[in-house]
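Student: Sequence first, predicted model second:
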Amino acid sequence: MGSLTVRQFVSKIAEDAAFRKQLGITEQMPLAEFRAKAAAAGYDYSEAELLAEARSLSDADLDGVSGGVASDAHALRAVQDGADGQLRQQGEPVILIRPNSGEVLRRA
């Protein structure tokens, strides 16, 4: 596996367009395809690891997200009942992990 933690990997996907292009990450793709592309580059994270990371932040971390933009450099937001787990960085693209649909989305 690559030397990045799950959080570092998802942050790098959000921040680095060249890295996204290198891995073939598109604006919308099934989670299984996202995982396969990551694994091919040496970042072999399970669906459970990705989803667990999306749910790992404290209430204080979640409070940092307002108005659709994180107030700190990175905020990984999890919404209960299978809604979006989102990595947001101010001024950077957003990664959405949709547990119910099995899709990973990136949007500006």
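Tutor: Nice, I can see it. Numbers count the residues shown, from 1 in each chain.
Student: where's residue 4 relative to residue 20, distance?
Tutor: 14 Å (Cβ to Cβ, to the nearest Å). For every residue, glycine as well, the C-beta is placed using N, CA and C.
Student: okay, these two: which has more neighbours?
Tutor: More crowded of residue 4 and residue 20, by other Cβ atoms under 10 Å: residue 20, with 19 against 15.
Student: average pLDDT across whichever strand or helix holds that one?
Tutor: Here residue 20 sits within helix 17-23, counting by DSSP states H and E. Taken as a whole, helix 17-23 has a mean pLDDT of 87.
Student: Which strands or helices does that helix pack on?
Tutor: With contacts taken as 3 or more Cβ pairs under 8 Å, 6 or more residues apart in numbering; DSSP states H and E, helix 17-23 sits against helix 6-15, helix 31-40.
Student: could those helices be laid out in a markdown table, adding distance to residue 49?
Tutor: As requested, the helices and strands packed on helix 17-23 are arranged in a markdown table below (distance: least, Cβ to Cβ, whole Å):
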| stretch | distance to residue 49 |
| --- | --- |
| helix 6-15 | 5 |
| helix 31-40 | 9 |
